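Asks: Sequence below, structure please.
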Amino acid sequence: MQGLYAVFRKELADHFSSYRFVTLFALIAMVSFITSYVAGLHLKESLEGVAKPKFVFLMLFNTPGALFSMVQFVAFFGPLIGIVLGFDAVNKERAQGTLIKITSQPIYRDAVINGKFLAGVVTISIMLVSIVLVVSGFGLTLVGVVPGVEEVWRLFICLIISIFYISFWLGLSILFSILFKSIATSALASVALWIFLSFFVTLGASVVANAAAPLNAKEGTSPEILIKNTRIKERISLFSPMVLYSDASTIIINPMRKTTRSFILMGPMEQISASRFQNPLSFGQSLIVVYPHVTALVAITLICFAISYLVFMLQEIRT
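Replies: Predicted structure coming up:
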């Protein structure tokens with residue numbers, strides 16, 4: 001594709017040379033290192049004098065540090081990376097008058113939007129890989145446990161899921177930068193949608209579930225109503241990308257967790273039977289469990305970018 005590499009190289013250079021990106025990356029890296037360092041110290045104290053369990057290395061990423069674990073931190077604040085990288089990707093070019101100059105060169109219009117999105121994805125990948133490598137170095141130093149082959153694969157898959165998760169917000173912010181001429185409006189719209197999808201969807205799920213299957217705290221609730229309430233809440237919460245990512249990454253990073261469901265009702269005999277099988281899930285079984293969530297994340301990322309692509313290609317570029 002003519003001009004794609006030129007746009008990609010230019011956007012990548014702009015990302016790494018901007019003070020906004022450097023400040024955000026330094027802040028996220030600092031919080032990640034502190035979180036992993038505290039989690040490593042807690043693990044080191046807990047494992048002294050006892051036999052080390054399996055998958056100790058992965059505990060660095062799912063054990064809460066001062067406030068939250070590494071996976072929880074990416075789930076809550078990872079979207080900010082995508083929003084910062086893309087909220088002014090197109091309207092800034094329009095405001096400065098450089099978009100018409102770019103398209104007047106022997107560069108196809110689709111190379112502009114493809115290059116911007118690809119540069120953002122590569123930037124996100126470099127950020128996440130750097131943070132994971134440094135956190136892994138902390139783990140090797142503090143805990144003193146070398147990761148096994150399965151742990152490396154699990155960490156790699158979790159990294160891929162994180163890249164798609166943040167890339168969704170990148171595509172969404174690029175879409176708003178195409179739709180709105182004002183940079184401030186596109187930034188506010190991106191942040192507002194992030195807050196709504198990440199926090200208010202789960203709150204709305206609780207309201208809808210309690211209305212459809214109300215829980216009676218005084219007289220007690222039947223198991224059927226309790227299960228119905230939980231299932232409604234879980235299904236509505238899946239409209240939140242943060243919930244999709246949290247469920248998928250937690251299953252991959254924590255092999256002892258065997259389902260994405262938060263509540264399972266079991267009788268005494270079922271509990272006795274389940275207690276015999278407390279071994280962690282294999283890597284293949286974990287992939288089967290999270291396959292629907294990962295598929296949904298990839299789908300909404302590609303759909304969001306496809307909409308951005310179509311809108312940009314149909315828009316008229318004026319001076």
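Asks: after whichever helix or strand residue 230 is part of, next one along is what?
Replies: Residue 230 is part of helix 223-237 when elements are defined by DSSP states H and E. Counting by DSSP H and E, the next helix or strand C-terminal to helix 223-237 is helix 241-253.
Asks: C-alpha coordinates for that following helix, PDB please?
Replies: What follows is helix 241-253, C-alpha atoms only, in PDB (Å, rounded to 0.1, in the frame of the first residue of the first chain):
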ATOM      1  CA  PRO A 241     -15.100  -4.200  27.500                       C
ATOM      2  CA  MET A 242     -13.400  -3.900  31.000                       C
ATOM      3  CA  VAL A 243     -15.400  -6.900  32.200                       C
ATOM      4  CA  LEU A 244     -14.500  -8.900  29.100                       C
ATOM      5  CA  TYR A 245     -10.900  -8.200  29.600                       C
ATOM      6  CA  SER A 246     -10.900  -8.800  33.300                       C
ATOM      7  CA  ASP A 247     -12.500 -12.200  33.000                       C
ATOM      8  CA  ALA A 248     -10.300 -13.300  30.200                       C
ATOM      9  CA  SER A 249      -7.000 -12.100  31.700                       C
ATOM     10  CA  THR A 250      -7.800 -13.400  35.100                       C
ATOM     11  CA  ILE A 251      -8.500 -17.000  33.800                       C
ATOM     12  CA  ILE A 252      -5.300 -17.000  31.800                       C
ATOM     13  CA  ILE A 253      -3.100 -15.500  34.600                       C
END
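Asks: Give me the mean pLDDT for it.
Replies: On average, the pLDDT along helix 241-253 is 89.
Asks: Regarding stretch 143-154, how distant is the last residue from the first?
Replies: Chord length of stretch 143-154, first to last residue, is 19 Å (Cα to Cα, to the nearest Å).
Asks: er, stretch 94-107 I mean
Replies: By Cα to Cα, one end of stretch 94-107 lies 16 Å from the other end.
Asks: Please point out which parts of it sit buried.
Replies: For stretch 94-107, burial by neighbour count (16 or more other Cβ atoms under 10 Å) applies to 94, 99, 102, 107. To be clear about C-beta, it is placed using only N, CA and C from the backbone, and glycine gets the same treatment.
Asks: Now secondary structure, pLDDT and distance to residue 126 too, for those, in CSV please.
Replies: CSV is the format used below for these (DSSP: H, G, I helix; E, B strand; the rest coil; pLDDT from 0 to 100; distance: Cβ to Cβ, whole Å):
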residue, secondary structure, pLDDT, distance to residue 126
94, helix, 81, 27
99, helix, 75, 26
102, helix, 73, 24
107, coil, 73, 24
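Asks: any weak-confidence spans in the protein?
Replies: Counting by pLDDT under 70, the ranges of the chain that qualify are 1-2, 46-53, 65-67, 103-104, 216-222, 258, 260-278, 316-319.
Asks: those helices in it, which residues are they?
Replies: Under the criterion DSSP state H, helices of the chain are mapped to 4-17, 19-47, 59-62, 70-86, 91-96, 99-104, 109-142, 149-179, 183-195, 201-212, 223-237, 241-253, 268-275, 283-314.
Asks: Nearest to residue 259, out of the ones you listed?
Replies: Closest to residue 259 of these, according to Cβ to Cβ: helix 283-314, at 6.7 Å.
Asks: From the chain's centroid, how far away is that closest one?
Replies: Its chain's C-alpha centre and that of helix 283-314 lie 12 Å apart, by Cα atoms, centre = their mean, to the nearest Å.
Asks: And stretch 176-189, by the same measure?
Replies: 22 Å.
Asks: Give me the buried positions along that stretch.
Replies: Quick answer for stretch 176-189 (16+ other Cβ under 10 Å): 176, 177, 178, 179, 180, 183, 186, 187, 189.
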